[in-house]
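Here's a sequence, model it:
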Amino acid sequence: MANDFAFSITSTRFDEDYTPSSNSRATTNFANLARGERRQENLRNALTMIDRRFNDLARWDNAAGDRYTVELDIVTVELQFSADGEDQQFPLLEVLDVHIVDHLTGRRHQGIVGNNFSSYLRDFDFSILLPSVNDDAAAFTVPDDFGALHGKLFQHFLDSAVYQERFPMTPVICISVSTSKTYQRTDNHHPILGVEYRQDDPSLTDDYFGRMGLTVRYFMPTGSVAPLAFYFRGDLLNDYSNLQLVGTISTMETFQKIYRPEVYNANSAAASTYRPSLTQQDYSRTEIAYDRDERSRLALTQGRFTEEHFVKPHKEALEQWAATYPEPIR
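Next up, the predicted model:
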């Protein structure tokens, strides 16, 4: 059944001239920034924030704080079905690929792929499937197989020759911590990732990424005011270089400062016992326009698009394939 579809990869440079393609999910952080009258200013300011944060974290042999520049590529993964007919190609997911330019040595370093994670199928799962299950439910219910197909497709992509020929390392996804959970600071401290936080009650997102074969740890880097959630496959603390970790932190912390300033641009740092909130008012706004309401509306639109062009037309083939694909070891 694996021969019934294949993966393909395309990439687009994310810079101040970036324009979202017709195949790009409209709710991605980068697509949201690239719309409206201030699109180029938004993009330029976001990239400047990333570079400044990178040089702030990579301070060794960097007295002027301008040694490094971060380059970002949007990686689009399409799933191509071998059967004839309509809807034989579908934009499965998008991630960011990071490269680091060292202006002192002239070297260009491979960063971590992943970082931001965008998925049409996840839109369907959270915006269409989950609400439909809970329409008449007395208590909130999550189906036992929630996210199973998405997780298996993601793992199949990571194990594919297409991925392994393009990327030398496994991905790391970095997003905000859940506002419905409480996190406890630990004594564990990493020189780049910072202080570790823990919580023993996995969120729905944690479980969803777990279906993708990814483990989560929460770290608050030096100079940050809230922990970030890092989802990874392997050993987060030892599989990646310091520069690679700095690239992911600087990129994704910047997006979170823009998207969730109440948490990541707060005027005071997270306490030992920490529960993030989007209702607290003690924070600073960036000068970058970001439409959170539009993002929520588009997630529903894109979920319906996925249902029409992916889930329904390929339901039988996908279910047959998923039934033979092993569950991740968690």
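
average model confidence for the helix or strand containing R304?
Counting by DSSP states H and E, the element that carries R304 is helix 292-306. When pLDDT is averaged over helix 292-306, the result is 78.

ok, and for the next helix-or-strand element following it, which residues are buried?
Going down the chain from helix 292-306, the next helix or strand is helix 315-324, by DSSP H and E. Across helix 315-324, burial judged by 16 or more other Cβ atoms under 10 Å covers L318, W321, A322. (Glycine included, C-beta is placed from N, CA and C.)

now swap in stretch 54-63 and tell me
F54, N55, L57, A58, N62.

ok, so of those, who is nearest I288?
I288 lies nearest to F54 out of the buried residues of stretch 54-63, by Cβ to Cβ, at 17.3 Å.

for the closest one, what are its contacts?
When contacts are counted by Cβ atoms under 8 Å, 6 or more residues apart in numbering, F54 touches Y68, V70, I100, V246, G247, S250.

now the strand or helix carrying the last one, how far from the centre of its chain.
Pointing back at S250 there. Applying DSSP H and E as the criterion places S250 in helix 242-259. Here the centre of helix 242-259 is set off from its chain's centre by 11 Å, with Cα atoms, centre = their mean, to the nearest Å.

Look at the closest residue to Y325 other than its chain neighbours and tell me its secondary structure.
Nearest residue to Y325, sequence neighbours excluded (Cβ to Cβ, 6 or more residues apart in numbering): K152, at 4.5 Å. At K152, secondary structure determined by DSSP: H, G, I helix; E, B strand; the rest coil is helix.

ok, K152 - contacts?
R211, W321, A322, Y325, E327.

Run through the neighbouring helices and strands of the helix holding S250.
helix 29-33, helix 39-57, strand 68-81, strand 89-102, strand 108-119, strand 172-176, strand 228-232, helix 261-264 (3 or more Cβ pairs under 8 Å, 6 or more residues apart in numbering; DSSP states H and E).

mean pLDDT lowest for which of these?
Of all the helices and strands packed on helix 242-259, helix 29-33 has the smallest average pLDDT, which comes to a mean of 63.

Sort the contacts of K152 by pLDDT and name the bottom one.
E327 (72).

Quick one: the buried residues of helix 315-324 as TSV, columns for distance to S284 too.
Below are the buried residues of helix 315-324 laid out as TSV (distance: Cβ to Cβ, whole Å):
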residue	distance to S284
L318	45
W321	48
A322	45
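
Out of those residues, the closest to R217 would be?
So of the buried residues of helix 315-324, ranked by how close each gets to R217 (Cβ to Cβ), first place is A322, at 28.0 Å.

my guess is that closest one contacts A148, does it?
Yes. Judged on Cβ atoms under 8 Å, A322 makes contact with A148 at a distance of 6.6 Å.

Show the buried residues in the contacts of F54.
For the contacts of F54, buried by 16+ other Cβ under 10 Å: Y68, V70, I100, V246, G247, S250.

Report the beta-bridge partners for the third one.
The reference is to I100. The partner list for I100 in beta bridges (DSSP bridges) reads V70, H109.

Distance of it relative to M212?
26 Å (Cβ to Cβ, to the nearest Å).

The second one now?
Remark: distance between V70 and M212 (Cβ to Cβ) = 25 Å.

cool, and the first one?
Using Cβ to Cβ, we find Y68 at a distance of 30 Å from M212.

Also the fourth one?
If you measure V246 against M212 using Cβ to Cβ, the figure is 24 Å.

swap in the last one?
Counting by Cβ to Cβ, the gap from S250 to M212 is 24 Å.

Nearest residue to S82 in space, please, no chain neighbours.
Closest to S82 by Cβ to Cβ, 6+ apart is D4, at 5.5 Å.

neighbours of the one you found, just the number please.
Neighbours of D4 under the rule other Cβ atoms under 10 Å: 14.

before we move on, what about D187?
Close neighbours of D187, defined as other Cβ under 10 Å, add up to 6.

quick check, it in a strand?
Yes. Per three-state DSSP, D187 lies within a strand segment.

quick one, what contacts it?
Contacts of D187 (Cβ under 8 Å, 6+ apart): none.

could we number from 17 for the rest of this?
Renumbered: residue one is now 17, and that last one reads D203.

Can you read off the pLDDT for it?
98.

Helix or strand for T302, just tell me which one.
Going by DSSP H and E, T302 is not in any helix or strand.

you'd agree it is up against P277?
Yes. T302 is in contact with P277 according to Cβ under 8 Å; the separation is 6.3 Å.

Name the helix or strand for F23, please.
strand 21-30.
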